[in-house]
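Asks: I'd like to go over a predicted model; first the sequence, then the structure.
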Amino acid sequence: GRVSCRVERCPLVAGCARPVLLPGQCCPTCACAELLATRNATARCAERGGTFDHDTCSCRVSGCRDSSGARHDVNERYRDRCASCVCTADAGAVCTHTACALRVCADGQPPTLLADGQCCPTCDDEPPQPTCRDEASGR
C-alpha cells in the first residue's frame, strides 16, 4: 500500500465574522451556518419580529414589546400599565413610573382601592381619580 498526501486548499469563508475549525474537519467553516442549519435560527428570529444577521450570527430585533405583548417601534412613546415608556433600539424600553401621592384616608389607613385604568389607589370614601395621563404624549 502506498499513502499519498496532499495539502488541502480551504475555500474562503465569506460572509462569516467568526469562522471555526470543527473537530474532524481540515478547513474552517462558519459557525453561524452550522447554527442556521441545525436550529432554524432565521425562522425563530423572524417569529420574534427580527432579522437574522449572518455577520454576527445574532437576531436583531427592532422595536420592543410591552407587558401585554404589543409591539412598539424604536423611539415610540407608549403607556404600559402605570408607566410612560419609550422603545429603545436594543429591543428594550426606558420607562418612568407614575408616582402616587402619599395620602391617608379618613379611617387613618392608606388608600387601597384600585379601579380599572387607575395607577394610584383611592380611599373607600372618595370618587376614583382620573385615569393616568402622560403629560409628554397626552395619552
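Replies: Looks like it arrived, so ask away. Numbers count the residues shown, from 1 in each chain.
Asks: which residues in this structure form strands?
Replies: 19-20, 29-30, 50-53, 58-61, 64-65, 71-72, 77-80, 83-87, 93-97 (DSSP state E).
Asks: please name the nearest non-neighbouring residue to Ser58.
Replies: Excluding the flanking residues, the one nearest Ser58 by CB to CB, 6 or more residues apart in numbering is Phe52, at 7.7 Å. C-betas here are computed from N, CA, C, even on glycine.
Asks: so for Ala115, which of the strands of the chain sits nearest?
Replies: Among the strands of the chain, the nearest to Ala115 by CB to CB is strand 77-80 (16.2 Å).
Asks: mean confidence for that closest one?
Replies: The pLDDT scores in strand 77-80 average 89.
Asks: helices or strands next to that strand in the packing?
Replies: For strand 77-80, the elements it packs on are strand 83-87, judged by 3 or more CB pairs under 8 Å, 6 or more residues apart in numbering; DSSP states H and E.
Asks: could you give the angle of the strand it packs on to strand 93-97?
Replies: Angle, strand 83-87 to strand 93-97, by axes from the mean of the first three to the mean of the last three CA atoms, to 10 degrees: 160 degrees.
Asks: got the CA positions of strand 83-87 in PDB?
Replies: Output of strand 83-87 as PDB, limited to C-alpha atoms (Å, rounded to 0.1, in the frame of the first residue of the first chain):
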ATOM      1  CA  ALA A  83     -45.500  53.800  33.300                       C
ATOM      2  CA  SER A  84     -44.700  56.100  30.400                       C
ATOM      3  CA  CYS A  85     -42.200  54.300  28.200                       C
ATOM      4  CA  VAL A  86     -40.100  54.800  25.100                       C
ATOM      5  CA  CYS A  87     -38.800  51.900  23.000                       C
END
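Asks: which helices and strands sit right next to it?
Replies: By 3+ CB pairs under 8 Å, 6+ apart, strand 83-87 packs against strand 77-80, strand 93-97.
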